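Asks: here is a sequence with its predicted model. Questions after.
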Amino acid sequence: MEKKRVVVKIGSSSLTNAKGVIDQEKLTDHISSISKLKKAGNEVILVSSGAVAAGFSKLGYPARPVTLKGKQAAAAVGQSILIQNYYEQLANHGIVPAQILLTRNDFSKRDRYRNAYSTIMELLERGILPIINENDTVSVEELTFGDNDMLSALVSGLVHADQLIILTDINGLYDSNPKNNPEAKRYQYLPEITEGLKEAAQGTGSKVGTGGMKSKLIAAETALSLGVKVFIGNGNGERKLLDILEGKGDGTYIGSEDLTSINTNRQWISLHSTVQGKIFIDHGAEIAIMKKGRSLLPAGIERVEGDFPKGSVVEVYGEKKMLGKGEVLYSSQELSHIIEIRKEQKAGIPQSTMEVIHRNKWVEI
């Protein structure tokens with residue numbers, strides 16, 4: 001089997017019991033399958049929930065806290081418990097883990113985004129198992145990923161993974177709720193995520209997790225947009241992850257074989273950057289960038305809105321709608337100056353041929 005780079009996401013319900021305590025039997029099963037996957041030559045990144053679930057009982061809460069301060073306090077206690085358990089069990093297989101805690105800021109800030117990528121790549125090169133979780137202790141609602149399903153999707157895109165495996169307590173996606181309908185049929189394979197599928201998904205997966213099936217569908221949709229195939233399901237035994245890679249997993253496979261990986265620059269522009277202005281272009285420039293795959297040149301720009309420096313991300317509008325986003329190689333002042341000069345010049349005088357937005361730093365919407 002071809003060696004692959006795999007992101008494995010383990011949810012709280014697949015790691016702890018209903019009381020919020022880490023289930024050692026479940027953990028042992030996961031660790032043995034991760035070990036088997038690595039020993040087969042695959043690169044593995046683990047996105048693990050469980051910090052809040054592991055910690056809330058230690059604080060005296062009867063169930064998962066609902067307040068922000070309660071969640072953050074539980075995460076502060078539970079994260080150390082979680083990683084300690086991983087360290088102890090992984091040591092039995094000769095695997096060294098590395099803990100990485102991320103927030104939305106680590107993705108929205110370009111230097112942090114690049115640093116996160118470089119760190120993970122260095123760990124993989126040295127045979128280390130990165131264990132990633134959201135930094136719940138310091139995250140605020142506006143800067144969270146929503147749940148670790150989305151975090152795992154973004155990480156899988158960041159590292160250009162071949163496969164995202166989302167392990168949950170249900171063996172895949174069904175056409176209706178299998179807990180309520182014994183006649184529900186499981187989807188073995190889906191080429192894409194449709195709006196109908198997302199609308200049909202209801203409820204949360206368990207009392208100790210934050211992500212339900214709908215969140216997994218949204219995460220899968222994000223991963224597919226970044227060129228990463230997805231598996232949602234479960235399994236038992238040391239071969240469960242290898243079986244999933246070999247197409248024998250107990251769950252649902254999502255995504256076609258012709259998915260194309262999205263380069264890191266485009267990922268950041270598309271999903272994480274802050275838009276700082278707008279550029280409006282003429283019909284000729286719209287045809288060039290949308291249908292001919294060319295970069296945006298100064299000659300096609302009619303006007304700009306906003307005050308932005310060189311290197312900013314801006315939205316680009318055609319005659320009728322927004323076309324996409326890109327990173328500019330000119331400031332708004334420079335572009336305004338170019339437009340004014342062009343209006344004053346006579347036809348036939350050469351225009352600047354330096355790209356305003358290079359094709360590699362452009363994302364269509």
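Replies: Nice, thanks for sending it over.
Asks: residue 173 and residue 213 touch, don't they?
Replies: Yes: taking contacts as CB atoms under 8 Å, residue 173 lies within contact range of residue 213: 6.9 Å. Yep, even glycine has a C-beta here, placed from its N, CA and C like the rest.
Asks: tell me which residues in the longest helix along the chain are buried?
Replies: As assigned by DSSP state H, the longest helix anywhere in the chain is helix 68-91. For helix 68-91, burial by neighbour count (16 or more other CB atoms under 10 Å) applies to 70-79, 81-83, 85-86, 89-90.
Asks: show me what it is packed up against.
Replies: Where contact means 3 or more CB pairs under 8 Å, 6 or more residues apart in numbering; DSSP states H and E, helix 68-91 is packed against helix 24-39, helix 51-55, strand 97-102, strand 129-134.
Asks: minimum distance to residue 328: which of these has it?
Replies: Smallest distance to residue 328 across the helices and strands packed on helix 68-91 (CB to CB): 27.6 Å, for strand 97-102.
Asks: burial count for residue 15?
Replies: Using other CB atoms under 10 Å, residue 15 has 22 neighbouring residues.
Asks: most packed of the helices and strands packed on helix 68-91?
Replies: helix 51-55 (a mean of 29; mean count of other CB atoms under 10 Å).
Asks: got the helices and strands packed on helix 68-91 as CSV, with distance to residue 178 columns?
Replies: Converted to CSV, the helices and strands packed on helix 68-91 look like this (distance: least, CB to CB, whole Å):
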stretch, distance to residue 178
helix 24-39, 21
helix 51-55, 23
strand 97-102, 33
strand 129-134, 29
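Asks: weakest of the ones you listed in terms of mean pLDDT?
Replies: With a mean of 85, helix 51-55 has the lowest mean pLDDT of the helices and strands packed on helix 68-91.
Asks: low-confidence ranges in the stretch 51-200 of the chain?
Replies: Residues of the stretch 51-200 of the chain meeting the criterion pLDDT under 70: 136-146.
Asks: mind checking the helices and strands packed on helix 68-91 for the one nearest to residue 337?
Replies: Closest of the helices and strands packed on helix 68-91 to residue 337 is strand 97-102, at 40.2 Å (criterion: CB to CB).
Asks: tell me what angle that closest one forms with helix 24-39.
Replies: Compare the direction of strand 97-102 with that of helix 24-39 by axes from the mean of the first three to the mean of the last three CA atoms, to 10 degrees and you get 100 degrees.
Asks: the very next helix or strand once past strand 97-102 packs against which elements?
Replies: Per DSSP states H and E, the first helix or strand lying C-terminal to strand 97-102 is helix 105-108. Under the contact definition 3+ CB pairs under 8 Å, 6+ apart, helix 105-108 sits against helix 110-125.
Asks: and the helix it packs on, what does it pack onto?
Replies: Contacts defined by 3+ CB pairs under 8 Å, 6+ apart place helix 110-125 against strand 43-48, strand 97-102, helix 105-108, strand 129-134, helix 148-158, helix 264-267.
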